[in-house]
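[1] quick one: sequence plus predicted model below, questions after.
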Amino acid sequence: MITAERKPLEEIIDYIKPFKRILLLGCNECVTVCAAGGRKEVGLLASGLQMTLLKSGSSIEIREHTLERQCDPEYVEELVPMIDSADAVLSMACGCGVQQLAMRFKDKPVFPAVNTKFMGGSERQGVWTERCKGCGDCLLGLTGGICPIAKCAKQLMNGPCGGSTTGKCEISDDVDCAWQLIWDRLKALGLQDRYLEIMPAKDWRPGGGGGPRKIIREDLAE
Amino acid sequence: MKTESHLEKVLAAGHLAVTSECGPPRGADAATVQEKAKYLDGVVDAVNITDNQTAMVRMSSFAGSVLVKQMGMNPLLQMVTRDRNRLAMQADILGAYALGIDTMLCLSGDHTKFGDHPMAANVHDIDSIQLIQMVKNMRDESKFQGGADIKGAPKMFIGAAANPFADPFELRVMRLAKKIAAGVDFIQTQCIFNVDKFELWMEGVRKMELHKKCYILAGITPMKSVGAARYMKNRVPGMDVPAELVERMGSVPKEEQPEEGIKICIETIERLKEVEGVAGFHIMAIDWEEKVEEIVKRAGLYPRPQV
């Protein structure tokens, strides 16, 4: 999933200060799963904003709504009947959702209420970690299902650096050494020999080095 | 011989090679490099010029190498993959070689977290093994990494680092094998304090006959004080300083600790001379360059061979 964290209230207030009527939009996809911008967080943010603004003597009208998917034009259309009654939109979706709204409603200010973080997964309740950098040319088949691009602090493709100590990365005891994990996994699978193969310099074009990326599926495109 | 590198000549002639390092200053003063390098003149076969070591901005390794070259010494250009992409690195390799620098060390570099620009992007377009491959192809195939022909190939003697003390230990010999497969000519190891563990690593190296495929220079660092010993033991990632050595440093009065550190260093060199496969020594006397001459002399590594 795409993970996100809510921005500080002060930053959000700075954005919406000049406006009276705010459409606060959640998204039912990734940001709901990582508890950053789903229906529940929309409610919490709305009351947080109301209370803070009331204390400072100003008031604001907030309309709450949560879309099934903010990055999808089909669901964004749902907003047409309510967009005119808002001076600005505050989106709790990831950056993809925010941009979808900005593209669709060209004359409406749209502000992000969350910081989009990374593509990751849940480690345990309340903890998410990065898993994928979207390099566009997946190496997981060669590295035992653990990504050195996303999980090694130096994105080393050919083994651990000299800073790997007792399974931990040199940058922090809280970070696992990706290559220790890869090695343990290759051993468990009896694939140690695979380590000796040199992974050549990566072509970063599929990873964004070739400019903004696009997928066109001729079989589906209209 | 693959190159004109003085270090390669010394090693190929079968001498125990000696290298040392000179960290460029955090400023634009050439004299600082020259003063440090002067301590090493005639004492070592090549002088490593570090590349933004510990991720702190310093005068570039390239410029430092040129300054050392101008003094008639043999610089060893260090290059980390942290700060530049493959275009910038290849450009520097061409430029360095054009200015007479023919020996280099391929590294990934300390993470930016440790330096004075923790907010900077870590580039890592390629990793250290891919850098070795790239330099080798530039030299032997006259090809840029992107595949185009080079007119006037840079003939670099290619080095890399190895840390026998990092984990997973069982991977460390294989990692050396991988660097050799990529085309490395020589290795400078992490500072050796735990000689037993180094010998264990060398056993693995010999089992795979890797010592016959590249020259291994054993890394040596003199400790200035018990505080420095403790710091390296506890704070430097991938460093293995046995508790006995820290105790030994602490067992003598403060003013005698530098001499104790030098003694340990010389004993280590003497013991490592007996290890089959050790082709020389890389003495990293960090901000203590003036002691290198004494170490080299007391360790019986002086005079340096004329080749």
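    In hand now; what should we look at? Numbers count the residues shown, from 1 in each chain, chains lettered A, B, ... in the order given.
[2] mind listing what the spatially closest residue to residue B:43 that is not a sequence neighbour touches?
    With Cβ to Cβ, 6 or more residues apart in numbering or on different chains as the criterion, residue B:43 has its nearest non-adjacent residue at 4.6 Å, and that residue is residue B:293. Any C-beta I mention is one placed from the backbone N, CA and C, and that applies to glycine too. By Cβ atoms under 8 Å, 6 or more residues apart in numbering or on different chains, the contact list for residue B:293 reads B:39-40, B:43, B:302.
[3] out of the residues you listed, who's nearest residue A:73?
    Distance to residue A:73, by Cβ to Cβ, is smallest for residue B:40 among the contacts of residue B:293, at 66.5 Å.
[4] can you give me the buried ones in stretch A:55-65?
    Buried residues in stretch A:55-65, counting neighbours by 16 or more other Cβ atoms under 10 Å in any protein chain shown, are found at A:60, A:62, A:64.
[5] contacting residues around whichever helix or strand residue A:11 is part of?
    Residue A:11 is part of helix A:9-16 when elements are defined by DSSP states H and E. With contact meaning Cβ under 8 Å, 6+ apart, helix A:9-16 is reached by A:22, A:45, A:48-49, A:52-53, A:60, A:88, A:90, A:111, A:113.
[6] narrow the residues you listed to those in strands?
    A:22, A:88, A:90, A:111 (DSSP state E).
[7] top of these by neighbour count?
    For the ones in strands among the contacts of helix A:9-16, counting by other Cβ atoms under 10 Å in any protein chain shown, the largest number of neighbours falls to residue A:90: 25 neighbours.
[8] distance to residue B:236 and pLDDT for the ones in strands among the contacts of helix A:9-16 - can I get that in TSV?
    Putting these into TSV (distance: Cβ to Cβ, whole Å; pLDDT from 0 to 100) gives the following:
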residue	distance to residue B:236	pLDDT
A:22	52	98
A:88	51	98
A:90	47	98
A:111	45	98
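[9] narrow the buried residues of stretch A:55-65 to those in helices?
    Using DSSP state H, no member of the buried residues of stretch A:55-65 falls in helices.
[10] of these, the lowest pLDDT goes to which?
    Summarising pLDDT for these: the lowest-scoring member is residue A:60, with 93.
[11] so what's the closest residue to chain B within chain A closest to, chain neighbours aside?
    Sorted by distance to chain B under Cβ to the nearest Cβ, the residues of chain A start with residue A:162, at 3.2 Å. Of all residues not flanking residue A:162 in the chain, residue B:163 sits nearest, at 3.2 Å (Cβ to Cβ, 6+ apart).
[12] sorry, back to before: closest to residue A:68 among the contacts of residue B:293?
    Among the contacts of residue B:293, residue B:40 lies closest to residue A:68 (Cβ to Cβ), at 68.3 Å.
[13] what ranges does chain A have for its helices?
    Counting by DSSP H, chain A has helices at residues A:9-16, A:30-33, A:39-55, A:73-76, A:80-83, A:95-104, A:148-151, A:178-188.
[14] other SSEs contacting the second one?
    For helix A:30-33, the contact count by 3 or more Cβ pairs under 8 Å, 6 or more residues apart in numbering or on different chains; DSSP states H and E identifies strand A:2-6, helix A:39-55 as packing neighbours.
[15] just list the residues touching residue 161, thanks.
    If you meant another chain, say so; for now it's chain A. Residue A:161 makes contact with A:154, A:170, B:108, B:128, B:163, B:166, B:238 under the criterion Cβ under 8 Å, 6+ apart.
[16] my question was about chain B
    Under the criterion of Cβ under 8 Å, 6+ apart, the neighbours of residue B:161 are A:162, B:105, B:107, B:128, B:187-190.
[17] most neighbours among those residues, which one?
    Ranked by neighbour count (other Cβ under 10 Å), the contacts of residue B:161 have residue B:105 at the top, with 30 neighbours.
[18] which residues touch residue B:286?
    Residue B:286 sits next to B:21, B:23, B:221 when contact means Cβ under 8 Å, 6+ apart.
[19] would you say the first one is within a strand?
    By that I understand residue B:21. Yes - assessed by DSSP: H, G, I helix; E, B strand; the rest coil, residue B:21 belongs to a strand.
[20] what's the pLDDT at it?
    Confidence for residue B:21, expressed as pLDDT, is 97.
[21] and it, bridged to which residues?
    Residues in a beta bridge with residue B:21, per DSSP bridges, are residue B:48.
[22] same list (the contacts of helix A:9-16) but as TSV, adding distance to residue B:257.
    What follows is the contacts of helix A:9-16, written out as TSV (distance: Cβ to Cβ, whole Å):
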residue	distance to residue B:257
A:22	67
A:45	60
A:48	59
A:49	62
A:52	59
A:53	64
A:60	67
A:88	66
A:90	62
A:111	60
A:113	58
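[23] out of those residues, who's nearest residue A:105?
    Proximity of the contacts of helix A:9-16 to residue A:105 was ranked by Cβ to Cβ; the top entry is residue A:88 with 10.2 Å.
[24] what sits against the residue lying farthest from the centre of chain A?
    Computed with Cα atoms, centre = their mean, the maximum C-alpha offset from the centroid of chain A is found at residue A:193, amounting to 35.4 Å. Not one residue lies near residue A:193 by Cβ under 8 Å, 6+ apart.
[25] pull up the distance across stretch A:154-174, start to finish.
    The stretch stretch A:154-174 measures 16 Å between its terminal residues, going by Cα to Cα, to the nearest Å.
[26] in it, which residues are buried?
    Judged by neighbour count (16+ other Cβ under 10 Å), stretch A:154-174 contains these buried residues: A:154-165, A:168-171.
[27] take these and keep only those in strands.
    In this view, these that belong to strands under DSSP E are A:168-169.
[28] list the buried residues in the strand or helix carrying residue B:160.
    The secondary structure element spanning residue B:160 is strand B:157-162 (assigned by DSSP H and E). Judged by neighbour count (16+ other Cβ under 10 Å), strand B:157-162 contains these buried residues: B:157-162.
[29] one more: stretch A:125-136?
    Of all the residues in stretch A:125-136, those buried under the rule 16+ other Cβ under 10 Å are A:128, A:131, A:133, A:135-136.
[30] three-state assignment of residue B:154?
    With three-state DSSP as the criterion, residue B:154 was assigned coil.
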